[in-house]
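[1] coords below, sequence missing:
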DNA sequence: GATGAATGAGCATTCATTCAT
DNA sequence: AATGAATGAATGCTCATTCAT
C-alpha cells in the first residue's frame, strides 16, 4: 500500500509557499530550491506536483484569483441594495491586509506576464475568465441600480464596471508604493464618495 | 561639452532599444546581447554607458516617466479652467498609442520592481519623485476648482488625486488585457462623466 | 523452489521489457520508470529484482547472449559436415528478424560499455565467456575441416574464428545502418562464397 | 579591434578534447565541464563554439570520419594493382594505434546513436555519405580486379565491399575486446589470406 | 512482496560582466 | 572608444535509489 497524499492539498501548499517568495523576489528571481525550502520538501518533490516553475505560478495565480473572487462575492452575499452592494465591493477591494499585499504583488506580476505573452494557454484563460466573472456581477449591480432609479440612467454599466476594476488595481498598487503617505481608509472613503457623487458641486 | 552630450544621447539610444525588448520579454528575460543588437552596438559597449543591466532599466524608467510627465503637463499647458484641466489630464492619461503601450508595460514592470525591493536607491527615488510631482499638480487643480466653487467643498484633494492616478494605471492595464472587449474612448468618456458627476441619480 | 523460479521469471520479464526500451533509446536515456511501466510493475518493484539499473542491462545482456548462443548452437545441432556447419553458422548469424534487430542494438551497446569500462566485474566476464564459447565451437569446426582435408591446411583456426565473429557483428551493424541499400540475403551469399572460395580467380 | 580567434581551429580543439573523454566514458557520461577542463577553457566557452553537447559529438564524428577516410585513401594513393590496393585497404583498416582506438570507440558510439535515432539530420547524412564514399572506392577496386581477370568474375562487388567494411568494424571491435588474446597482425594476415583465397582447400 | 512518494546529487545551458586587443 | 571572446556562477529540471506504508 502506498502512502496516501492529497495531491491537491500538496499542490496548494507548494503554491502558497511560492507566493511568499514570488511576492518578495519576483517570479524570475525565485529559485525552485527556495520554494522547496519554504515548503519544507526537497526540490525534486516540487516536480512531482508541478511540471515547471511556471506551472507553479499558474497554480498560485489560480488560487489567488479564487481567493480574491471569493472575498468579493462573500462581501456581497447578504446585501440586496445596489448602492450597498457597490459600496461593499469597493470597500472589500480596497481593504489591504498583509496577506493580501503579498497576493496582490503576485497577481500583478501574473497580469504583466500575460500582457507580454498573450498565447499563454489555460493560464491566461482562467485569469480572464475570473476577472470577467466578477465584472459581470458588478455590471448586474449597476444595471439593477439603474432600474431601481438609484443610479443615473445614462451610465454605461459595462464601461463603468471596467473602470471600477481597473481603478481597484491601480489604487491598491499606488497605495502599496506609498503606504506612509496615505491612509487607505481615507482614500477609500474619498473614492466611494466621488464614485457615487462625482466631483462637481451641485 | 560635446562628449557629454554624446554620452547622454548614447545612453538614451540604448535605453530606448532596451524598452523595445523589455516590453516584449520583460526585464529578466531580456539579455544584454539583445539590447546591444537592437541598439546596433557591441555588447561590451553597453557597459561603457551603463554599470549594470538594472542600470539600463533605471534609465529607461526615467525616460519613460519624463515622457509621460511631459505629455501630461503639455496637455495642461494652455488651459486655465480646472474642469477643463482635469478633463484634459484624464483624457491624456487614457489615450493609448502603440508606443505608449510599450512604455506602459515597462513602466508597470518598474513599479513592480520597486514594490518588491524598497531599498532600490536612486531609481525608486526618481520614480516616486516624478509621480509625486504630477500628483501635486493635480492636487493644485482640484484645490483651484474647490476655491472657484466648481468642485464640491468636501473633496479631499490629496486623496482624490491619489485615486485618480491609481485609476489611470489600473484602467490602462485592464484595457491592455482586454483590448478587443472594450473601446477605450467609450471607457474614457464614462470615466470622465462618472468622475465629475458620480453614479447617483440626482 | 517455486519462489526462486518466480524470481527468475520476474527478472527475465523486467529484462525483456528493458531490452525493448534500451533498443529504442539507449541505456542512458532509458529511465527505470519506463522499464517499470513497460513491465507493468511499480518502479520500486524493479529494485526488488535488480540492485541497480546497470544490473538490468547485465541481465538483459546475459539473456540476449544466451539467446544468440542458443540460436547458433541450434543451427549446428543436427549437422556433421564442417562446411555445412560453417555455412549454417554464417547463415544463422546473418539472419535478421525484427526481434533480433532490437537485441542486436542492445548487444552492441553492451559491448561498447565493456570497451570503456574494463573493470566491470561479472558482467563483462559472462559476456566474454559466452563469446569465447561460441568461438571455440567454431574453432573446432574449422579444425575438423582441416583434419578432413576440406579446409586449407595453413588456416589459423583461432584467428579465422575471431575474424568470422567480428565480421558477423560488423556486417549486421552495417546492414542495419543501410537496410534500404542492401538485400541481406544477397550479402550473406556473397559472404559465404567469398569466405569459402576467396576473391582470387583460380 | 577584437581578439582574433580561429573559430574552426577552436571547434576542432574542443572536439578533440571531447573525443578523449567520450572514448573513456561515453557520450552520456561525459560532462561538458570535463570537456572544457580537458580543452583548458571555461565551460561557458564551449557554448561559444557549439550549440549543444550533441553538437560536439557531431563535430567529433565528422572529424573522426575525415581522418579515417583520409587514412584509407592515403594508403591507396600510390598503388595501381587491385590486389595490392585491397591488401593495403585491409591492412590500413586493421592497423590499430592507441589514437585510433580512442577514435574507434567514439565512432562506434556515433553509429549506435544513429541506429537508434534515424532522424538525426545533417549528422547522420555526413556519416552515411562518408561511409558510402569509401565503399564506392572499394567497389571500384573490386571491379577493376574483375576486369583485369584477377578476381573471380561472379563476385558481387557491391555486396563484397559492404561485407568488407562491416568486417573491419567488427573485427576491430572484437580485437579491442580481446587484445590480450590475439595478435592483431596475425589476425589481419589470416583475414587477408582468407579474403583472397578462401577457406576451401583447392 | 509491492508500491510510489520523496529525495538530492548531478548536469546542460544561459548570461551578466570583464578585459585584452 | 569599441569590440566580442572568455568566464563561471547560477538554476531549472531529471532520475536512480530509498523507504515508509
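    Looks like it arrived, so ask away. Everything numeric here is computed off the predicted structure, so don't read it as measured data. Residues are numbered from 1 along each chain as shown, chains lettered A, B, ... in the order given.
[2] is whichever helix in chain A runs longest up against DNA strand F anywhere?
    Criterion DSSP state H: the longest helix present in chain A is helix A:121-147. No: using C-beta under 7 Å from any atom of the strand, helix A:121-147 stays clear of DNA strand F, with a minimum separation of 14.3 Å. Quick note: C-beta positions are derived from backbone N, CA and C, even for glycine.
[3] For that helix, name the packing helices and strands.
    Using 3 or more C-beta pairs under 8 Å, 6 or more residues apart in numbering or on different chains; DSSP states H and E as the contact test, the elements touching helix A:121-147 are helix A:53-76, helix A:82-93, helix A:98-116, helix A:157-177.
[4] and whichever residue of chain A sits closest to DNA strand E, how many neighbours?
    Using C-beta to the nearest atom of the strand, the closest approach of chain A to DNA strand E is made by residue A:44 at 1.5 Å. If you count neighbours by other C-beta atoms under 10 Å in any protein chain shown, residue A:44 ends up with 9.
[5] What pLDDT does the model give it?
    Looking at residue A:44, its pLDDT reads 96.
[6] helix or strand for it, which one?
    Take DSSP states H and E as the rule and residue A:44 turns out to sit in helix A:43-49.
[7] Return the most buried member of the helices and strands packed on helix A:121-147.
    helix A:157-177 (a mean of 23; mean count of other C-beta atoms under 10 Å in any protein chain shown).
[8] so where is chain A shaky, pLDDT-wise?
    By pLDDT under 70, the low-scoring segments of chain A are A:1-5, A:118-123, A:201-202.
[9] residues contacting the one residue sitting closest to the centre of it?
    The C-alpha lying nearest the average C-alpha coordinate of chain A belongs to residue A:68 (C-alpha atoms, centre = their mean; 4.6 Å). Contacts for residue A:68 (C-beta atoms under 8 Å, 6 or more residues apart in numbering or on different chains) come out as A:103, A:107.
[10] if we can go back for a sec, the helix holding residue A:44 and chain C, are they touching?
    No: Helix A:43-49 lies out of reach of chain C by C-beta under 8 Å from any C-beta of the partner chain, never closer than 12.1 Å.
[11] what about residue A:188, distance to residue A:167?
    11 Å (C-beta to C-beta, to the nearest Å).
[12] Minimum distance to chain B, which residue of chain A gives it?
    Closest contact between chain A and chain B, by C-beta to the nearest C-beta, is at residue A:170 (2.6 Å).
[13] List the residues that contact that residue.
    By C-beta under 8 Å, 6+ apart, the contact list for residue A:170 reads B:165, B:166, B:167, B:168, B:169, B:170, B:171, B:173.
[14] rewinding a little: buried ones in the longest helix of chain A, by neighbour count?
    For helix A:121-147, the neighbour count (16 or more other C-beta atoms under 10 Å in any protein chain shown) marks A:123-124, A:127, A:130-131, A:134-135, A:137-139, A:141-146 as buried.
[15] for the residues you listed, which one is nearest residue C:18?
    Using C-beta to C-beta, residue A:123 comes nearest to residue C:18 of those, at 38.0 Å.
[16] need the contact list for residue A:57.
    A:18, A:22, A:27, A:106, A:109, A:110, A:113.
[17] 7 Å instead, please
    Applying C-beta atoms under 7 Å, 6 or more residues apart in numbering or on different chains, we find residue A:57 in contact with A:22, A:27, A:110.
[18] Identify the residues contacting the last one.
    If I follow you right, that is residue A:110. Counting by C-beta under 7 Å, 6+ apart, residue A:110 has contacts A:57, A:61, A:127.
[19] and the contacts of residue A:170 near DNA strand F, which?
    Okay, of those, nothing touches DNA strand F (C-beta under 7 Å from any atom of the strand).
[20] okay if I get those as JSON lines plus distance to DNA strand E?
    Formatted as JSON lines, the contacts of residue A:170 follow (distance: C-beta to the nearest atom of the strand, whole Å):
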{"residue": "B:165", "distance to DNA strand E": "32"}
{"residue": "B:166", "distance to DNA strand E": "31"}
{"residue": "B:167", "distance to DNA strand E": "34"}
{"residue": "B:168", "distance to DNA strand E": "31"}
{"residue": "B:169", "distance to DNA strand E": "27"}
{"residue": "B:170", "distance to DNA strand E": "30"}
{"residue": "B:171", "distance to DNA strand E": "32"}
{"residue": "B:173", "distance to DNA strand E": "25"}
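[21] closest one to residue B:31 among the helices and strands packed on helix A:121-147?
    Closest among the helices and strands packed on helix A:121-147, using C-beta to C-beta: helix A:98-116, at 15.5 Å.
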